[in-house]
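*Asks:* below are the sequence and a predicted model for it; my questions follow.
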Amino acid sequence: MSSSPVAQVGRYRWRVCMMLLLATTINYTDRQVLGVLAPFLQQQIGWNELQYSYIVTAFQTAYAIGLLGAGAIIDKFGTRIGYALSIGVWSIAAAGHALATGVMSFAVARFALGLGEAGNFPAAIKAVAEWFPQRERALAAGIFNSGSNIGALVAPMMVPVVATRWGWQAAFLCTSALSALWLVMWLCTYRTPDEQPKLSTAERAYIGHEPSAVARVPWSQLLRHRQAWTLVAAKFITDPIWWFFLFWLPKFLHARYGLSLLELGLPLVAIFLLADLGSIAGGWLAGRFIRRGWSANRARKATMLICALLIMPVLFAARANHLWLAVALIGMATAGHQGWSANVYTLASDMFPRHAVASVVGMGGFAGAVGGMLISTVIGLLLQATGSYVPVFMLAGSAYLIALVVVHALAPRLQPVVLR
């Protein structure tokens, strides 16, 4: 029996995808370390709920500022150099957390980390646009985006062990070392398809070719198109929910069920393992629909609707009487979010040419970070005043259906943009 045409063209592009997966895993391990340690650093250092929200907001503010320029820098200098600059900054910033002693110094370290980590998704989505044909982009994005869940899995498994044995500072230093190692690997291996000598002629033709732009496209030109506002709106409405899951879940589980640092590991691993499955399944499902003859518009939105419906039951998580019922509801929601996110990221490459993808993703990420800043402050104020997570979970359960309505209103057919 002969092999399939897809298998015959080669699989080098999937090696690139694995590099992106590894970078995203390290990225989320870095940012999740503080979330895992938060209930216990709060006791040791003495910050209150509102002060913790300020530390979280410092990261999100820098993340938003970084995204203002990250996409443009990556589009200008290319994926290889742009990604290297990003991970170099966040590696140094991760190590800087080990020097923090109070609210202000933690906020400074988080700010620096946010600046560096802002480049991850614009660079990764641009690499996917460079290395994958349209029908495979959602799956590739889902695979590398699953690194956000793997990172969130690694952190609760690694951090309690390292922190109890060598001190909390060692947890931040470990992730910094991983970032530096990836940077060396990236600079030694990554090239675009046109420049990669190990890529077969058949696979290069399968990926397709798009001429490079002579200059980057400014945001002012991109924002003239409703398609750009589609990504901005989707990220602004739904990214804050993911920020909540990342930075507040350990505190919620500790407050609601009295879990210790070591006891947090298993529930968090279960939640983010489900998220990992959701990320890959969401990308696979959209690709499956396209292979069955559906348009990209129909396939993306149908998948996003399924993900939004999967998230809705999280409304009841705050009042769950049993730990593992809450874990199941939150795990379903994180799975739905990641499946949703894989398709939202792919909207950029569906509607914009490759040379503008990183800038469009940067705009969407900026909007999502601004939304995250707002929700962090709101959560801090709510918890300081009431101690209740119920309103936050109600918001989480309803946000995605609202976002899907907005996406469809702004881009009813996902019509590609022609940039001059």
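*Replies:* Now that the structure is in, tell me what you want to look at. Residues are numbered from 1 along each chain as shown.
*Asks:* going forward, measure contacts between C-alpha atoms and count neighbours the same way
*Replies:* OK.
*Asks:* what segments of the stretch 51-200 of the chain are helices?
*Replies:* For the stretch 51-200 of the chain, helices defined by DSSP state H, counting those that start in this stretch occupy the ranges 79-96, 103-117, 120-131, 134-145, 147-166, 168-189.
*Asks:* Val417: what secondary structure?
*Replies:* Following DSSP: H, G, I helix; E, B strand; the rest coil, the label given to Val417 is coil.
*Asks:* got any ranges where the stretch 151-300 of the chain has weak pLDDT?
*Replies:* 209-216 (pLDDT under 70).
*Asks:* mind running it again at 80?
*Replies:* In the predicted model, the stretch 151-300 of the chain carries pLDDT under 80 at residues 152-153, 196-197, 199, 203, 207-219, 261-262.
*Asks:* quick one: which of the helices of the stretch 51-200 of the chain is nearest Trp340?
*Replies:* helix 134-145 (9.3 Å; C-alpha to C-alpha).
*Asks:* what packs against the closest one?
*Replies:* helix 12-45, helix 120-131, helix 265-291, helix 323-351 (3 or more C-alpha pairs under 8 Å, 6 or more residues apart in numbering; DSSP states H and E).
*Asks:* now it: how far from the chain's centre is it?
*Replies:* Relative to its parent chain, helix 134-145 has a centroid offset of 13 Å by C-alpha atoms, centre = their mean, to the nearest Å.
*Asks:* circling back: dump the helices of the stretch 51-200 of the chain to TSV, plus mean neighbour count and distance to Lys198.
*Replies:* Output for the helices of the stretch 51-200 of the chain, formatted as TSV (neighbours: other C-alpha atoms under 10 Å; distance: least, C-alpha to C-alpha, whole Å):
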stretch	mean neighbour count	distance to Lys198
helix 79-96	22	17
helix 103-117	23	29
helix 120-131	26	13
helix 134-145	27	20
helix 147-166	22	25
helix 168-189	18	10
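*Asks:* one step back: possible to save the helices and strands packed on helix 134-145 as JSON lines with distance to Phe111?
*Replies:* JSON lines is the format used below for the helices and strands packed on helix 134-145 (distance: least, C-alpha to C-alpha, whole Å):
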{"stretch": "helix 12-45", "distance to Phe111": "11"}
{"stretch": "helix 120-131", "distance to Phe111": "16"}
{"stretch": "helix 265-291", "distance to Phe111": "25"}
{"stretch": "helix 323-351", "distance to Phe111": "24"}
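*Asks:* which of the ones you listed sits closest to Phe59?
*Replies:* helix 12-45 (8.9 Å).
*Asks:* mind listing what's buried along the closest one?
*Replies:* Buried positions in helix 12-45, judged by neighbour count with 16 or more other C-alpha atoms under 10 Å: 12-13, 16-17, 19-40, 42.
*Asks:* what mean pLDDT does it have?
*Replies:* If you average the pLDDT over helix 12-45, you get 86.
*Asks:* ok, stretch 132-145 next?
*Replies:* Stretch 132-145 carries an average pLDDT of 81.
*Asks:* could you do stretch 352-372 as well?
*Replies:* Here stretch 352-372 scores 84 as its mean pLDDT.
*Asks:* now do the contacts for Phe272.
*Replies:* Taking C-alpha atoms under 8 Å, 6 or more residues apart in numbering as the contact definition, Phe272 lies against Asn149, Ile150, Ala152, Leu153, Gly331, Thr334, Ala335.
*Asks:* go with 7 Å
*Replies:* By C-alpha atoms under 7 Å, 6 or more residues apart in numbering, Phe272 lies in contact with Asn149, Ala152, Leu153, Gly331, Thr334.
*Asks:* just Ser91 next, same as before
*Replies:* Ser176, Ser179, Ala180.
*Asks:* need the nearest residue in space to the last one, chain neighbours excluded.
*Replies:* When you say that, I think you mean Ala180. Excluding the flanking residues, the one nearest Ala180 by C-alpha to C-alpha, 6 or more residues apart in numbering is Ser91, at 6.1 Å.
*Asks:* how about the helices and strands packed on helix 134-145, which one is nearest Ala98?
*Replies:* So among the helices and strands packed on helix 134-145, helix 12-45 is nearest, using C-alpha to C-alpha, at 11.1 Å.
*Asks:* from Arg110, how far out is Ile55?
*Replies:* Applying C-alpha to C-alpha, to the nearest Å, the value for Ile55 to Arg110 is 7 Å.
*Asks:* one step back: what's the closest of the helices and strands packed on helix 134-145 to Thr230?
*Replies:* helix 323-351 (8.6 Å).
*Asks:* helices or strands up against that closest one?
*Replies:* Counting contacts by 3 or more C-alpha pairs under 7 Å, 6 or more residues apart in numbering; DSSP states H and E, helix 323-351 is packed against helix 134-145, helix 226-257, helix 265-291, helix 296-311, helix 354-385.
*Asks:* so who does Val232 touch?
*Replies:* Going by C-alpha under 7 Å, 6+ apart, the list of residues near Val232 reads Met363, Gly364, Ala367.
*Asks:* can you put those residues in TSV and add distance to Gln169?
*Replies:* Output for those, formatted as TSV (distance: C-alpha to C-alpha, whole Å):
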residue	distance to Gln169
Met363	33
Gly364	33
Ala367	32
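*Asks:* show me which of those is closest to Arg413.
*Replies:* Proximity of the contacts of Val232 to Arg413 (C-alpha to C-alpha) peaks at Gly364, which lies at 19.1 Å.
*Asks:* the closest one contacts Leu231, correct?
*Replies:* Yes - under the criterion of C-alpha atoms under 7 Å, Gly364 makes contact with Leu231 at 5.4 Å.
*Asks:* quick one: which of the two has more around it?
*Replies:* When neighbours are counted by other C-alpha atoms under 10 Å, Gly364 and Leu231 differ, and Gly364 comes out ahead with 29 against 26.
*Asks:* with adjacent residues omitted, what lies nearest to the more buried one?
*Replies:* Distance criterion C-alpha to C-alpha, 6+ apart; nearest residue to Gly364, sequence neighbours excluded, is Val232 at 4.2 Å.
*Asks:* what's the pLDDT at Phe106?
*Replies:* Per-residue pLDDT puts Phe106 at 89.
*Asks:* which residues does it contact?
*Replies:* By C-alpha under 7 Å, 6+ apart, the neighbours of Phe106 are Ile55, His97, Ala100.
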